[in-house]
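1. Prediction below, plus the sequence it came from.
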Amino acid sequence: MALLIERKVQWGLGFAVVVLCGLGMIAYALIVTFVNTSNWLIHTHRVIEATQGARTGLDDAETSVRGYLLTEDESYLRPYELVRGRIPGIVVRLQILTSDSPAQSRKTAQLKDQVDRELGLLQQIVSTVGVRPASAEQQRRLLDEEQQVMSGIRNNLREFRLEENQLLDVRDHAWRKDLARAITAAAILGLFNFVLLGSIYLVFKRDLTERRKAEAALAASEERLRQLIASVKDYAFYMLDPQGRVATWNDGAAIIKGYEAQEIIGRPFSTFFPEKDRKAGRPEWALEEAAKIGKVEMQGWRLRKDGSRFWADAITSAIRDDQDRLLGFSEVTRDLTERRLAEEKIRQSQSRLAAILDGSPSVIFVKDTEGRYTLVNRRFEDSFQMMREQVLGKTDLDLFPREPAQKLRDHDAQALASGTALEFEEIIPQRGGYHTYLASRVPLLGEDNRPYALCGVLTDITERKESEQEIQRLNRALQDRVIDRSVQLMQAEDELKVEREQRQGAEEREREAREAFNAMISGSPFPVWIYDLKTLAFLQFNDPAAELHGVSPGEFARKRMSDFYPLEEVADLGRDGNGGGADPKSFRLCHPRAKDGRANSLRVQVRPVEWEGGRAALVVVLRETGVHIPQDLSSALEAAGS
């Protein structure tokens, strides 16, 4: 009996050694394959790293030159000088890495030409500033050409990156498969060793009692595991047989999917998939992949018993025995519908926020507590002529001249220290010169009431400030003019006051003289009247004048000279009286139109006078014994201003 057992052990050990050698060879082959795949994966990462380094270096060089062009501060050229010496080496490294692919070698050669041209254009732009500055038109032309070349480089690098990412996905997938195979082989090899050693140990040490204890313990462990799985309510745990039919069911699965155990056990795995996924073969693919690689994780829509959908995160794992035979599958499903809806709301909210920020006419940004930009809106890009990729992750000292940048950082520090919103007036350089902004700094506080970021809103008030300065200048000029005009008005008022007093005195004297004149005419025993040389109407007369003409004073006032005297005599009288100077002249008049019908021959003296702005004549009828106007009437006439 002992001999039989020993022979069985020998045969068993020999068989185990043969299997162990075979597994070792297989594991070695898998490890060699895995190492080769890893090398290609590392090669792809190096190509991607080189393209990213070229892109970052050229962006830094472009930003450096534009900063120097904007500020003429040579400290901005340090990144450009560093990049100019480093970029050719990166391109050469990229050529070496892509030498195994003819298509990529051609693209690398094209990229080298573009990089050489870009560096040459940047050098020309730098040379336009300084001792021999170029015209704005030449600088604009160089900047436009450099922007076109840089755009071509970005497109070339983007295509390069896309191809390498696709290649990376392929190689990463192959690497994972090789890794899984190597791990599986190592696990199997280790498991085999463990089984071999365990078998030897069990042959000599384990007896039936211990085996029963082990089996009892295993049964107890399985029962505890079954109870643990059954008690979980948030996850659906169930088993599938190798054909994909439901074999076990827990309470969490019943809650999430709505089926009781007796309703679902024995039904196919595809029961939980929508019609579209079933037609696309998604259930079968998941089981096949799990059988191949051991585990598959998927997210997608699943169906409940009532036909409603929920968003599930499902992990399907293959279950194998020690001989790697497929025993079935385990499925762990979690309902993520609420989280998906919350994430969708967050994405929508972020999208709306981005649209609001980009549509705002103000410059808006967010910085972390170290002063690095984490968000800028489109107005920021337009105002400062910087792309978001050039701004994010950098501080004001990286983007602006040191003096204004330090003031911006001081304002940030004040707002963070206060913990409340503060307003400042800031002067920031732009391409067209310095602009004045009304800046608001708002600390963003966390649950511990401590700031974790800083939001800033800048409103350009440059035009308003210039308008205020112009208004102040105009106000000062207006005040000067008002003062000068006030002085002139005061002087004019004094002159008018003097003139008004003089006019009042003259008017008073004229009134007194006219009253004296009227009294003299009324009291004169001689017939006296004044008539208008143009209309011949009587302007002033006394009662003896009306009596002389044989009419009442009222009727005489309505008459004219032509009603009593021939027109030719009146014309002669008016012509001589109007053109004869200020001295009186003597005439004889006869007026056959008197009421008694007699033709009187009168001796009169005529003197031209000014009467209420017009020309008139003073007529005095004299007696035969007198030849002049009476002295008292002449004096009164002169006093009245005739």
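-> Cool, the structure landed. Numbering: from 1, shown residues only.
2. Residue 429 versus the residue nearest to residue 396 when sequence neighbours are not counted, what's the distance?
-> Sequence neighbours aside, residue 405 is the residue nearest to residue 396 in space, at 4.0 Å (criterion: C-beta to C-beta, 6 or more residues apart in numbering). Glycine gets a C-beta too; all of them are placed from N, C-alpha and C. Per C-beta to C-beta, to the nearest Å, residue 405 is found 10 Å from residue 429.
3. before we move on, back to that, surely the residue nearest to residue 396 is within a helix?
-> Yes: assignment of residue 405 by DSSP: H, G, I helix; E, B strand; the rest coil places it within a helix.
4. gap between it and residue 296?
-> Note on residue 405: its distance to residue 296, by C-beta to C-beta, is 52 Å.
5. ditto for residue 186
-> In terms of C-beta to C-beta, residue 186 sits 22 Å off from residue 296.
6. Likewise for residue 361?
-> 51 Å.
7. Looking at these two, which is more packed in?
-> residue 296 (19 against 7; other C-beta atoms under 10 Å).
8. so who does the more buried one touch?
-> Residues near residue 296 by C-beta atoms under 8 Å, 6 or more residues apart in numbering: 286, 289, 290, 315, 316.
9. Weed out the non-buried ones from those residues.
-> Neighbour counting with 16 or more other C-beta atoms under 10 Å marks 286, 290, 316 as buried within the contacts of residue 296.
10. quick one: contacts of the strand or helix carrying the second one?
-> The reference is to residue 290. Assigned by DSSP states H and E, residue 290 belongs to helix 282-293. By C-beta under 8 Å, 6+ apart, the residues outside helix 282-293 that reach it are 176-177, 180, 240, 244, 268-270, 272-273, 277, 296, 298, 300, 314, 316-318, 326, 329.
11. Would you mind listing which of the residues you listed are buried?
-> 180, 240, 244, 269-270, 272-273, 277, 296, 298, 314, 316, 318, 329.
12. export the residues you listed to TSV and tack on pLDDT and secondary structure?
-> As requested, those are exported to TSV (pLDDT from 0 to 100; DSSP: H, G, I helix; E, B strand; the rest coil):
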residue	pLDDT	secondary structure
180	81	helix
240	91	strand
244	88	coil
269	88	helix
270	88	helix
272	90	helix
273	93	coil
277	90	helix
296	91	strand
298	88	strand
314	89	strand
316	91	strand
318	90	strand
329	92	strand
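13. Present those residues as TSV; the columns should include distance to residue 171.
-> Shown next, in TSV, are the buried ones among the contacts of helix 282-293 (distance: C-beta to C-beta, whole Å):
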residue	distance to residue 171
180	15
240	32
244	31
269	32
270	33
272	34
273	31
277	29
296	20
298	23
314	27
316	25
318	24
329	28
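14. gap between residue 146 and residue 139?
-> On the measure of C-beta to C-beta, residue 146 and residue 139 end up 10 Å apart.
15. Residue 569 too?
-> 100 Å.
16. Give me the common contacts of residue 146 and residue 139.
-> Common neighbours of residue 146 and residue 139 (C-beta under 8 Å, 6+ apart) are residue 125.
17. Neighbour count for those two, which is higher?
-> The residue with more neighbours, out of residue 146 and residue 139, is residue 146; 20 against 16, by other C-beta under 10 Å.
18. Doesn't that one belong to a helix?
-> Yes: using three-state DSSP, the secondary structure at residue 146 is a helix.
19. if we can go back for a sec, ok, which pair from the contacts of residue 296 is furthest apart?
-> Within the contacts of residue 296, 289 and 315 form the most distant pair, 11.9 Å apart (C-beta to C-beta).
20. Tell me where the model's unsure across the stretch 501-642 of the chain.
-> 576-585, 590-601, 623-642 (pLDDT under 70).
21. Let me know the closest of the contacts of residue 296 to residue 35.
-> When those are compared against residue 35 (criterion: C-beta to C-beta), the nearest one is residue 289, at 24.9 Å.
22. Can you give the domain ranges for this protein?
-> 2-203, 232-335, 347-460, 524-639 (automatic domain parsing).
23. would you list every one of the strands in the stretch 401-550 of the chain?
-> Ranges of strands in the stretch 401-550 of the chain, per DSSP state E, counting those that start in this stretch, are 422-430, 433-445, 451-460, 528-532, 538-541.
24. and the last one, what does it pack onto?
-> Based on contacts counted as 3 or more C-beta pairs under 8 Å, 6 or more residues apart in numbering; DSSP states H and E, the elements that strand 538-541 packs against are helix 462-523, strand 528-532, helix 553-557.
25. For residue 367, which of these is the nearest?
-> helix 462-523 (23.1 Å).
26. Determine the set of other helices and strands touching the closest one.
-> Partner elements for helix 462-523 (3+ C-beta pairs under 8 Å, 6+ apart): strand 433-445, strand 538-541, helix 631-639.
27. mind running it again at 10 Å?
-> On a contact count with 3 or more C-beta pairs under 10 Å, 6 or more residues apart in numbering; DSSP states H and E, helix 462-523 meets strand 422-430, strand 433-445, strand 528-532, strand 538-541, helix 543-548, strand 614-622, helix 631-639.
28. which of the ones you listed sits most buried?
-> strand 528-532 (a mean of 22; mean count of other C-beta atoms under 10 Å).
29. Okay, now the sheet partners of that strand, with direction.
-> strand 538-541 (antiparallel), strand 614-622 (antiparallel) (DSSP bridges).
30. now the last one against helix 462-523, angle please.
-> Put plainly, it is strand 614-622. 10 degrees (axes from the mean of the first three to the mean of the last three C-alpha atoms, to 10 degrees).
31. show me where pLDDT drops low in the stretch 51-200 of the chain?
-> 130-135, 192, 196-197, 199-200.
32. Please enumerate the helices of it.
-> 77-97, 102-127, 136-205 (DSSP state H, counting those that start in this stretch).
33. Pipe the strands of the stretch 401-550 of the chain into CSV and attach distance to residue 619 per row.
-> CSV is the format used below for those (distance: least, C-beta to C-beta, whole Å):
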stretch, distance to residue 619
strand 422-430, 89
strand 433-445, 87
strand 451-460, 88
strand 528-532, 5
strand 538-541, 9
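34. closest one to residue 29 among those strands?
-> That would be strand 451-460 among the strands of the stretch 401-550 of the chain, by C-beta to C-beta, at 53.3 Å.
35. where's residue 144 relative to residue 410, distance?
-> For residue 144, the distance to residue 410 - C-beta to C-beta - is 37 Å.
36. The closest residue to residue 539 other than its chain neighbours: what's it in contact with?
-> Spatial nearest neighbour of residue 539, chain neighbours left out: residue 530 (4.6 Å); criterion: C-beta to C-beta, 6+ apart. Neighbouring residues of residue 530 by C-beta atoms under 10 Å, 6 or more residues apart in numbering: 517, 521, 538-541, 545, 607, 609, 611, 616-619, 637, 642.
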